[in-house]
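K.L.:
sequence and computational prediction follow.
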Amino acid sequence: MVASPEERGRALRKRVPRSSVARWRPPRGRDAMGVLVDQERGLIKSLLPLRHHRMSASAFAFYRGSAAVMAADLVGLPATGLRVQVCGDAHAANFGMYGTPERSVVFDLNDFDETLPGPWEWDVLRMAAGLVLAARDRNFSKAISSESVYGGVQAYRTAMLQFAAESPLAVWYERIDLEKAVLAAPWAERGLRRTFSKAKKRTAEHLLPKLTGGSQPHFVDTPAFRRIDLDSGTAEGARRVLKLYGRSLAPHVRRLFERFTLHDVAMKAVGIGSVGAQCIIALLLSEGGAPLLLQLKQARASILERYAGKSPYRNHGERVVQGQRLMQAASDIFLGWTTIDGHDFYVRQHRDMKLGVDFRSIAAAHLLRYAGACGWTLARAHARSGDPGALAGYLGRSDAFERAVVRFAHAYADLAESDYDEFVRRVKADPSGRSTAIAK
């Protein structure tokens, strides 16, 4: 008799007990700063000081920029062998809101630079340790940080049980629709309504005046946003990227894209972990002056490849796009990719109704609810590419896994804070701010 997916999942507990993550210890010979130096090879050297400055802001900011360190730390952790399409950097700040092709606003994962097939556990543990660091950044109690991790992992487990009972098609259609959440929320939930209203306004038409500083459709310079001369080599490269990228679009979307013409270009330093990779913001206008803002971002090899295996895609831009489409409930219609001069790129709309949580001011109650949304969302993303039955069978109906992950999350957060202290010490000791600042 053939075992069911749930039975196979339960059988895995004998080899990899759910409590095993609580017994994790740092690998021998661990060199976090060396891993960071390796990660920075190939990045734009002039942007490394900015990268280090942003990572120095807090232990949580450092954690966001050091996904490669955690990947190296987790490789020796006992794993079930169940593989899914992983985000690769599923910390709490890489979830958020964005617009669907139907112009709804959904809550989902929104960063896939490191996506790759790999162990599902890595995403869950990345989310969990990040929640502890986010709570510590706000000086919340240990009880609050533990509750956020417990709630996030519990939401992951219970959602996986739900998805195991659903058809693959039903799982595919699952999503967190913010508009439905607003309509179902009590009137007292003003914060959710304000967030929804703010996200709906983050379209190209609303963003353009902020990026141009007035009525003229040309970008203006800011410390992290620099306009590029349209006669420069960088602008010419952007033209080539856009021309070749169009071939990756579906024919009906390509027809829409061809109604726009490049009008202006700027370089932007995005996020924390991505600082140093090439990122170009392109303003395109239709014949009638309607704007389209596209982000052209360099795609490098995933930090997970060394540990989880090579990508099935030769082009890392395609790796990012296909991973995003597989994990998200709905994706940007302008997602595409190309290669020029040996560099892979992926393209998407810039900030299309995109909005994240401000962890510098988040309240404890909101962090707890947010953690639950992240856990549910991550489970849905994993269920789309993995075997929800086997995952549900392994996780079970008790809270054994949640309790183990809470212990892991605090232990790893302690280690990340220690790494952060060492990182800041080395950066301060080297006024150049280059990669040599963190090298031994």
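P.N.:
In hand now; what should we look at?
K.L.:
now for the closest residue to Ala390 other than its chain neighbours: which residues touch it?
P.N.:
In space, and not counting its chain neighbours, Ala390 is closest to Gly9: 4.0 Å by C-beta to C-beta, 6 or more residues apart in numbering. In this view, the C-beta of every residue, glycine as well, is placed from N, C-alpha and C. Neighbouring residues of Gly9 by C-beta atoms under 8 Å, 6 or more residues apart in numbering: 80, 82, 387, 389-395.
K.L.:
tell me which element Gly9 falls in.
P.N.:
Using DSSP states H and E, Gly9 sits in helix 5-15.
K.L.:
skip ahead from that helix and say which helix or strand is next.
P.N.:
Downstream of helix 5-15 (by DSSP H and E), the next one is helix 32-39.
K.L.:
in that following helix, what counts as buried?
P.N.:
32-33, 35-37, 39 (16 or more other C-beta atoms under 10 Å).
K.L.:
so which of the contacts of Gly9 belong to helices?
P.N.:
The members of the contacts of Gly9 that map onto helices under DSSP state H are 389-395.
K.L.:
any idea which of those has the most stuff around it?
P.N.:
Leu395 (28 neighbours; other C-beta atoms under 10 Å).
K.L.:
for the closest residue to that residue other than its chain neighbours, what are its contacts?
P.N.:
Nearest non-adjacent residue to Leu395, counting by C-beta to C-beta, 6+ apart: Arg157, 4.4 Å away. Applying C-beta under 8 Å, 6+ apart, we find Arg157 in contact with 379, 392, 395-396, 399, 401-402.
K.L.:
which one of those residues is nearest to Met70?
P.N.:
Nearest to Met70 out of the contacts of Arg157 is Phe401 (C-beta to C-beta; 18.8 Å).
K.L.:
buried stuff in the longest helix anywhere in the chain?
P.N.:
Longest among the helix segments of the chain by residue count, using DSSP H, is helix 400-429. The neighbour-count check on helix 400-429 (16+ other C-beta under 10 Å) flags 400-413, 415-417, 419-420, 423-424, 426-427 as buried.
K.L.:
so that helix versus helix 5-15, what angle?
P.N.:
Taking axes from the mean of the first three to the mean of the last three C-alpha atoms, to 10 degrees, helix 400-429 and helix 5-15 form an angle of 60 degrees between their directions.
K.L.:
average pLDDT across helix 400-429?
P.N.:
Mean per-residue pLDDT for helix 400-429: 96.
K.L.:
Arg175 contacts Ser331, doesn't it?
P.N.:
No. At 11.5 Å, Arg175 does not count as touching Ser331 under the criterion of C-beta atoms under 8 Å.
K.L.:
and the nearest residue to Gly273 once chain neighbours are set aside, what does it touch?
P.N.:
Counting by C-beta to C-beta, 6+ apart, Gly273 lies nearest to Gly65, which is 4.5 Å off, once chain neighbours are set aside. For Gly65, the contact set (C-beta under 8 Å, 6+ apart) comprises 51, 54-55, 272-273, 275.
K.L.:
and these, which is closest to Pro5?
P.N.:
Gly273 (34.5 Å).
K.L.:
relative to helix 32-39, how tilted is the longest helix of the chain?
P.N.:
Using the same axes, to 10 degrees: helix 400-429 against helix 32-39 is 80 degrees.
K.L.:
how far is helix 400-429 from where the chain is centred?
P.N.:
19 Å (C-alpha atoms, centre = their mean, to the nearest Å).
K.L.:
that one packs against which elements?
P.N.:
Applying 3 or more C-beta pairs under 8 Å, 6 or more residues apart in numbering; DSSP states H and E, one finds that helix 400-429 contacts helix 32-39, helix 48-55, helix 59-64, helix 67-74, helix 120-137, helix 142-165.
K.L.:
SS state for His218?
P.N.:
Assigned with DSSP: H, G, I helix; E, B strand; the rest coil, His218 falls in the coil class.
K.L.:
how near is it to Val84?
P.N.:
44 Å (C-beta to C-beta, to the nearest Å).
K.L.:
could you check which of these two is surrounded by more residues?
P.N.:
Val84 (24 against 14).
K.L.:
now the strands for the stretch 151-300 of the chain?
P.N.:
Along the stretch 151-300 of the chain, counting by DSSP state E, counting those that start in this stretch, strands occupy 176-177, 225-228, 260-268, 279-286, 291-299.
K.L.:
give the pairing partners of the first one; include direction for each.
P.N.:
Think strand 176-177. Sheet pairing of strand 176-177 (DSSP bridges) gives strand 105-109 (antiparallel).
K.L.:
what sits up against the strand it pairs with?
P.N.:
87, 90, 94-100, 175-179, 196, 199-200, 327-330, 353, 373, 377-378, 381.
K.L.:
only whichever of these are buried, select them in ChimeraX.
P.N.:
In ChimeraX, this line selects whichever of the contacts of strand 105-109 come out buried by 16+ other C-beta under 10 Å:
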select :87,90,94,95,96,97,98,99,100,175,176,177,178,196,199,200,327,328,329,330,353,373,377,378,381
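K.L.:
right, and Leu294 touches Gln349 too?
P.N.:
Yes. Here Leu294 lies in contact with Gln349, judged by C-beta under 8 Å, at a distance of 6.2 Å.
K.L.:
neighbour count winner among the two?
P.N.:
Leu294 (26 against 19).
K.L.:
just give me the neighbour total for the residue nearest to that one when sequence neighbours are not counted.
P.N.:
In space, and not counting its chain neighbours, Leu294 is closest to Ala282: 4.7 Å by C-beta to C-beta, 6+ apart. Applying other C-beta under 10 Å, we find 24 residues neighbouring Ala282.
K.L.:
hang on, Trp337 is in a helix, isn't it?
P.N.:
No. According to three-state DSSP, Trp337 belongs to no helix; its state is strand.
K.L.:
of all the residues in stretch 252-266, which ones are buried?
P.N.:
253, 257, 260, 262-266.
K.L.:
how about the CA coordinates for it, as PDB?
P.N.:
In PDB, the C-alpha atoms belonging to stretch 252-266 read as follows (Å, rounded to 0.1, in the frame of the first residue of the first chain):
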ATOM      1  CA  HIS A 252      -0.300  40.900 -25.500                       C
ATOM      2  CA  VAL A 253       1.900  42.700 -22.800                       C
ATOM      3  CA  ARG A 254       4.600  43.400 -25.400                       C
ATOM      4  CA  ARG A 255       2.000  45.200 -27.500                       C
ATOM      5  CA  LEU A 256       1.200  47.400 -24.400                       C
ATOM      6  CA  PHE A 257       4.900  48.000 -23.600                       C
ATOM      7  CA  GLU A 258       5.600  49.100 -27.200                       C
ATOM      8  CA  ARG A 259       3.200  52.000 -26.700                       C
ATOM      9  CA  PHE A 260       5.700  53.700 -24.400                       C
ATOM     10  CA  THR A 261       9.000  55.400 -25.200                       C
ATOM     11  CA  LEU A 262      12.000  55.900 -23.000                       C
ATOM     12  CA  HIS A 263      12.100  59.500 -21.700                       C
ATOM     13  CA  ASP A 264      14.400  59.600 -18.700                       C
ATOM     14  CA  VAL A 265      16.800  57.400 -16.700                       C
ATOM     15  CA  ALA A 266      18.200  57.400 -13.100                       C
END
